[in-house]
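1. Okay, predicted coordinates and the sequence, questions at the end:
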Amino acid sequence: MNILAALRQEEAKLKKQADKVRQQLDAVRAAVKILGREVASSGKRIGKKKRKMSAAARARIGKATRERWAKFRAAKAKGKR
């Protein structure tokens, strides 16, 4: 009977540890949810997917930005003369 009692005592200890770990896991999941980065168990994001921009689109945006700044600098230099 000593062995059976020891096994039951060990079972009770493990149940306590499992409950404690479950609580910690729930707290971590709640924190992740609050931060808005909830992920599925497979590691994939839930919700909005990250948008990808093509290289051509980045090039067009960069070109337009450079042209805007060139125009701004030209107007600024023209005002100094």
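-> Nice, I can see it.
2. Residue ranges in this protein under the pLDDT threshold?
-> Within the chain, the stretches with pLDDT under 70 are 1, 36-48, 80-81.
3. The longest helix anywhere in it: what's the following helix or strand?
-> Taking DSSP state H as the criterion, the chain has its longest helix at helix 2-34. Counting by DSSP states H and E, the next helix or strand C-terminal to helix 2-34 is helix 55-80.
4. what's the offset of the longest helix of the chain from the middle of its chain?
-> Relative to the centre of its chain, helix 2-34 is centred 28 Å away, using C-alpha atoms, centre = their mean, to the nearest Å.
5. can I see the domain layout of this structure?
-> 1-38, 53-81 (automatic domain parsing).
6. Mean neighbour count for these - can I get that in CSV?
-> For glycine as for every other residue, the C-beta is placed from the backbone atoms N, C-alpha and C. Formatted as CSV, these follow (neighbours: other C-beta atoms under 10 Å):
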stretch, mean neighbour count
domain 1-38, 10
domain 53-81, 9
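7. K71 and A64, how far apart?
-> 11 Å (C-beta to C-beta, to the nearest Å).
8. what do you get for K78?
-> Distance from K78 to A64, by C-beta to C-beta: 21 Å.
9. which residues touch R68?
-> If you count contacts by C-beta atoms under 8 Å, 6 or more residues apart in numbering, R68 has none.
10. and the gap between K16 and Q9?
-> The value you get for K16 to Q9, if C-beta to C-beta is used, is 11 Å.
11. repeat for Q24
-> On the measure of C-beta to C-beta, Q24 and Q9 end up 23 Å apart.
12. ok, now R73?
-> For R73, the distance to Q9 - C-beta to C-beta - is 80 Å.
13. What of R22?
-> In terms of C-beta to C-beta, R22 sits 21 Å off from Q9.
14. Same question for K20.
-> 17 Å.
15. Over to A70?
-> 79 Å.
16. Kindly report the same for R66.
-> 74 Å.
17. before we move on, what about A74?
-> From A74 to Q9 the distance is 84 Å (C-beta to C-beta).
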